[in-house]
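Asker: got a predicted model here, sequence first, then my questions.
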Amino acid sequence: MSIEISGAAAGRVVGSLDGYYSVRLDGGGDVRCRPRGVFRKDGVAVAVGDRVTVKGHGSDTAEAVIDSVTARRNLLIRPPIANVDRLLIMIAAARPDPVPLVTDKLISVAEHNSIEPVIVISKADLAPERAGELEAEYRSSGFTVFVCAHGDDSGPAALKGYIAENPASVTAFAGASGVGKSTMIGRLFPMYSADRRQGDVSRRGRGRHTTREVTLHAISDETESGEPLWLADTPGFSLIDMERFDFFELDDLPFTFREFLPYLGKCRYSDCRHLKDEGCAVLSAMEEGRIDPRRHESYAAMYGELKDKKPWDKKRQ
Ligand SMILES: Nc1nc2c(ncn2[C@@H]2O[C@H](COP(=O)(O)OP(=O)(O)OP(=O)(O)O)[C@@H](O)[C@H]2O)c(=O)[nH]1
Ligand SMILES: [Mg+2]
Ligand SMILES: [Zn+2]
């Protein structure tokens with residue numbers, strides 16, 4: 001299909017492949033674009049999720065270029081996506097087994113970027129008890145949690161209702177490879193079932209599909225903003241990716257734990273690290289059962305990683 005673009009047209013980057021970007025123009029229609037050379041100079045050129053303007057040459061959309069990128073609200077590195085409002089952080093109850101520190105890092109990165117983290121527990125059918133424990137832990141820490149299982153539609157139905165009642169411009173899935181992100185998108189919005197999009201997935205192992213690219217799917221009609229609501233499928237990451245997770249300054253860390261917030265500023269010493277200092281309001285809240293000790297363990301681990309971060313590492317984020 002060819003689309004006429006006269007002058008510059010505004011749109012949203014909805015996918016990328018082989019150095020080209022797919023842009024959904026406001027008002028409809030996709031164009032395949034290459035970024036202008038000038039963008040390649042800066043670390044991250046164009047990301048899926050970016051708002052851009054596109055310039056084309058008549059109806060020849062192969063010649064369309066991304067002319068400008070609108071200032072971003074945020075930019076995540078893993079998964080690589082811009083302008084996220086809400087992150088659906090998916091944890092499998094089993095296969096793969098949950099790694100709490102990885103989940104908590106994702107949550108902290110979301111909080112630090114003003115992205116609402118929502119916890120989605122998948123594969124509860126494989127390990128119902130573990131699913132229940134995860135649900136209780138994250139609920140008590142102040143998060144919205146959904147529990148999903150094969151053979152039970154109630155979890156996905158509740159999640160779909162939540163998305164409809166709490167509209168966010170861009171909602172993105174995040175989570176380790178194989179937790180079930182693409183499967184869930186297919187359950188919520190069958191027209192985007194991964195099996196129908198052979199071009200977007202590649203096979204690995206015994207017929208397994210693993211997502212390689214971030215893709216935005218339109219999940220509503222146009223809203224007042226002139227765009228639909230977007231739901232992003234993203235590639236899963238490996239644990240090694242998350243080991244090298246570089247995110248923000250040490251001083252910001254406590255503020256990324258929402259259950260710590262009522263106690264911050266109330267410790268005896270203003271430079272309290274909330275680890276083992278005497279008179280720490282966070283630790284006493286934990287002793288009184290108001291902060292989950294497992295979450296505090298993640299805090300301590302992330303504290304150690306950020307403290308050891310070399311100054312030259314900091315430039316990368
Ligand atoms: N038993 C069970 N299996 C599930 C559930 N959800 C997904 N699966 C299976 O888990 C496998 C991986 O699912 P995917 O949806 O491809 O996982 P993904 O998170 O998209 O993985 P990547 O694209 O590699 O990041 C598939 O075989 C799914 O059928 C669930 O709730 N229960
Ligand atoms: Mg996938
Ligand atoms: Zn403290």
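Answerer: Arrived safely. Ligands and ions are numbered 1, 2, ... in the order given.
Asker: domain assignment for the protein?
Answerer: Per automatic domain parsing, the structural domains of the chain span 8-69, 75-242, 250-314.
Asker: of all these, which lies closest to ligand 2?
Answerer: Relative to ligand 2, the nearest member of these by Cβ to the ion is domain 75-242, separated by 3.2 Å. (C-beta placed from N, C-alpha, C; glycine too.)
Asker: between the two ends of that closest one, how far is it?
Answerer: End-to-end span of domain 75-242 (Cα to Cα, to the nearest Å): 17 Å.
Asker: likewise stretch 76-91?
Answerer: End-to-end for stretch 76-91, by Cα to Cα: 19 Å.
Asker: with mean neighbour count and mean pLDDT added, can I get the domains of the chain in CSV?
Answerer: Shown next, in CSV, are these (neighbours: other Cβ atoms under 10 Å; pLDDT from 0 to 100):
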stretch, mean neighbour count, mean pLDDT
domain 8-69, 17, 81
domain 75-242, 18, 90
domain 250-314, 15, 92
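Asker: CSV for the ones you listed, including distance to ligand 1?
Answerer: Listed next are these as CSV, based on distance: least, Cβ to the nearest ligand atom, whole Å:
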stretch, distance to ligand 1
domain 8-69, 15
domain 75-242, 2
domain 250-314, 22
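Asker: which bits of this protein sit near ligand 2?
Answerer: Residues of the chain found near ligand 2 (Cβ under 5 Å from the ion) are Lys181, Ser182, Thr211.
Asker: looking at it, the second one is touching Glu213, isn't it?
Answerer: Which is Ser182. No. Here Ser182 lies out of contact with Glu213, judged by Cβ atoms under 8 Å, at a distance of 11.5 Å.
Asker: distance of the residue in the stretch 101-250 of the chain that ligand 3 sits nearest to relative to Thr256?
Answerer: Nearest residue of the stretch 101-250 of the chain to ligand 3, counting by Cβ to the ion: Leu250, 14.0 Å away. To Thr256, Leu250 is 11 Å away according to Cβ to Cβ, to the nearest Å.
Asker: same check, this time on Val282
Answerer: For Val282, the distance to Thr256 - Cβ to Cβ - is 13 Å.
Asker: and Glu305, helix, strand or coil?
Answerer: Secondary structure for Glu305, judged by DSSP: H, G, I helix; E, B strand; the rest coil, is helix.
Asker: contacts for stretch 273-285?
Answerer: Contact with stretch 273-285 is made by 254, 260, 262-264, 266-269, 272, 291, 296, 299-300, 303, as judged by Cβ atoms under 8 Å, 6 or more residues apart in numbering.
Asker: send me stretch 140-155 as PDB with only the CA atoms.
Answerer: This file holds the C-alpha atoms of stretch 140-155, laid out as PDB (Å, rounded to 0.1, in the frame of the first residue of the first chain):
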ATOM      1  CA  SER A 140       1.300  -6.400  50.300                       C
ATOM      2  CA  SER A 141       4.100  -4.200  49.000                       C
ATOM      3  CA  GLY A 142       1.600  -2.000  47.200                       C
ATOM      4  CA  PHE A 143       1.400  -3.300  43.700                       C
ATOM      5  CA  THR A 144      -1.600  -4.200  41.500                       C
ATOM      6  CA  VAL A 145      -1.200  -8.000  40.800                       C
ATOM      7  CA  PHE A 146      -2.900 -10.300  38.300                       C
ATOM      8  CA  VAL A 147      -2.600 -14.100  38.400                       C
ATOM      9  CA  CYS A 148      -2.900 -16.000  35.100                       C
ATOM     10  CA  ALA A 149      -3.000 -19.700  34.300                       C
ATOM     11  CA  HIS A 150      -3.600 -21.900  31.300                       C
ATOM     12  CA  GLY A 151      -7.200 -23.200  31.400                       C
ATOM     13  CA  ASP A 152      -8.500 -20.300  33.400                       C
ATOM     14  CA  ASP A 153      -9.700 -17.100  31.700                       C
ATOM     15  CA  SER A 154     -10.300 -15.100  34.900                       C
ATOM     16  CA  GLY A 155      -6.800 -13.600  35.200                       C
END
